[in-house]
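S.K.: sequence? don't have it. structure:
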C-alpha cells in the first residue's frame, strides 16, 4: 500500500463543542470491542454513523480503545477545492483520515447509516477464499482516489455489506452501528476459521 501519513484534507472547525448525539454511546463500545478483537493495531481503524447534518466519525490520531464522546467529530460538509478538500466539522478534533471514504459511501448508499473500516489483516490474507468484493486499484490511504475506488465498487454492488479496499482494509456497512459491527465480526470469524481450521474439520465453504 502506498504510504500516506498526512491528512489529505483541511479541517474547518465550525463549533468547539463536541457532538451530543446519543448514538455515540453505541459507537464507543463498538470501537473498544473492535480494538479488543485484534482487528487493528495502534491508531488504525475508524467508525462513523449518519446524522441529519452529515455524519459523526472517530477522530484522527486517537486509538479506538481510547475513544470518548470528546473525540467524536461531526462532519457537516465536504467541499472539494483546487488543492485539497475542506471538511467542515463540529468539534475541535481533526476527523479520521478516511473521512472522504465514509462521505463517498454515504452519498452513494442512502440506506447505509453506519460504517466500520479496519485493517483486518486476517481478512485480507484470506480474501480470495472469502470471495469478498474488492476495489481494483491500490490507492494512498485517505486519498480522494481511494474514496472514488470504493464509490465505484458500491455502485456496482449496492447490496454488499462488507468489502475490501485493495491491500489496505476491510469495510463493513449497516443500517445501524450494531449491524455494521456484527457484519465485521462475522467476516473476521470466517477468516479465522480459514487460518486455523480445527483438526479433522474441513475449511468452511464460501
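M.R.: Structure's in. What do you need? Keep in mind that what you see is a predicted model, and the values were worked out from it rather than measured.

S.K.: burial of residue 24, as a residue count?
M.R.: The burial count assigned to residue 24 is 21, neighbours taken as other CB atoms under 10 Å. For every residue, glycine as well, the C-beta is placed using N, CA and C.

S.K.: Which elements pack onto the helix ranked longest in the chain?
M.R.: Among all segments of the chain classified by DSSP state H, the helix with the greatest residue count is helix 177-195. Contacting helix 177-195 under the criterion 3 or more CB pairs under 8 Å, 6 or more residues apart in numbering; DSSP states H and E are the following elements: helix 24-36, strand 46-50, strand 114-118, helix 121-125, helix 127-130, strand 162-165, strand 169-174.

S.K.: Low-confidence stretches in this structure?
M.R.: Low-confidence segments of the chain (pLDDT under 70): 1-6, 37-43, 197-206.

S.K.: Need the phi and psi values for residue 86.
M.R.: Dihedral pair for residue 86: phi -110, psi 130, per degrees, to the nearest 10.

S.K.: Might you quantify the distance of the longest strand anywhere in the chain from its chain's geometric centre?
M.R.: Selection of the longest strand in the chain by residue count, based on DSSP state E, yields strand 72-79. Distance of strand 72-79 from the chain centroid (CA atoms, centre = their mean, to the nearest Å) equals 15 Å.

S.K.: residues touching the residue nearest to the spatial centre of the chain, list them.
M.R.: When the chain is reduced to its mean C-alpha position, the closest residue under CA atoms, centre = their mean turns out to be residue 117, at 2.4 Å. Applying CB atoms under 8 Å, 6 or more residues apart in numbering, we find residue 117 in contact with 45, 46, 47, 98, 101, 102, 165, 169, 170, 171, 172.
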